[in-house]
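1. here's my sequence, what's the structure:
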Amino acid sequence: MIKTLTDWGWYRQTGTDPRIRDRAHGGTYEWCADPQLTDGTQHLVKFGNNFVPGGWREPDIVPHRNWHHWDNPEFPHLLYPNPANPAGAKTFCRWVKGEIMTTQSDTPGEEAINSVLKDLSKGALHTWRDIYAPCVDTRLKTKRVLLVTSTPNCHQWYYHESKADWIQRVTAELHRQGYTDIHIRSKEGRKSRRENESHRLYHQLTHSRYDFIVNQHSASTTEALLTGCAVVSTGRHCGGDLITTWHQFCEGKTPEAPHTADLESWMQHILGNCRWKPQIT
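-> Numbers count the residues shown, from 1 in each chain. Have a look, this model is predicted:
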């Protein structure tokens, strides 16, 4: 794993070195305890999530967009073993400007990531499409639903609700709408998912049919959409107009699988916010 910032949390640029490195790693970024007090003249980086009492700062309180969120990529397949990343190392990341999850991209397009994949794989890969499983027929027919939870900290710190309470709330609404075959994804650890394809979400969705998934604040949105599975999201998401929001679902909207052309178009924003880590460090 390439790590050029010492701790999770917020950093501000105090010099002209464009590399995202703090001083301990030879750069000019410094810890920023109160990003809400900055004015945008200095670039900020939110590195992962610092779920620490007294140190947590909501991203919504930052009064400008001159910051980027660095986290795992919203195209999870980049971290699964492939010819451009044989070890499945965390050498790719999400690099989203002014928000936590992609709703837009200042640099939309697949050309940059395609070039990286082709170079790293020595020509074995030509585009991002070469590293994900094909869509399957997931038209509504089973009345089966998969709940994809976030981490307990993500549920609590971002949404002030426990993981258990989220499951209970979502399950109650699903029952109200007649969905009784409800499954909760048991997410394996990263090592297990890296080494065993059967432990990855896309494998579960292509081998066990669900009408849709319900998630919150998760890159599982993209992984599910790329299998042709519909997505309902209760919080922040990276699915654009391709997903059904929780409010829409509660109001009676039927979740729909994405159309290929719409998915291709939306992936340009997701890919525009993906970076090979040496590009920014």
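2. quick one, what contacts the most centrally placed residue in the chain?
-> By Cα atoms, centre = their mean, the chain has its centre lying nearest to Ala219, at 2.8 Å. Neighbouring residues of Ala219 by Cβ atoms under 8 Å, 6 or more residues apart in numbering: Asn72, Pro73, Glu74, Phe75, Pro76, Arg94, Cys238. All C-beta spots, glycine's among them, are computed from the backbone N, C-alpha and C.
3. switch to 10 Å and redo it
-> Residues near Ala219 by Cβ atoms under 10 Å, 6 or more residues apart in numbering: 71-76, 79, 94, 101-102, 201, 237-238, 270.
4. just name the closest of those residues to Val170, please.
-> Minimum distance to Val170 across those is 14.3 Å, recorded for His237 (Cβ to Cβ).
5. residues near the closest one, how many?
-> His237 has 25 neighbours, counted by other Cβ atoms under 10 Å.
6. next: Lys118.
-> If you count neighbours by other Cβ under 10 Å, Lys118 ends up with 17.
7. check it and give its pLDDT.
-> Per-residue pLDDT puts Lys118 at 98.
8. can you give me phi and psi for the residue lying closest to Glu188 once chain neighbours are set aside?
-> In this structure, Glu188 finds its nearest non-sequential neighbour in His199, 4.2 Å apart by Cβ to Cβ, 6 or more residues apart in numbering. Note on His199: backbone dihedrals following degrees, to the nearest 10 are phi -90, psi 0.
9. surely His199 touches His207?
-> No - in terms of Cβ atoms under 10 Å, His199 does not count as a neighbour of His207; the distance is 11.8 Å.
10. which of those two has more neighbours?
-> His199 (17 against 9).
11. need the pLDDT of the residue nearest to the centre of the chain.
-> Looking at Ala219, its pLDDT reads 93.
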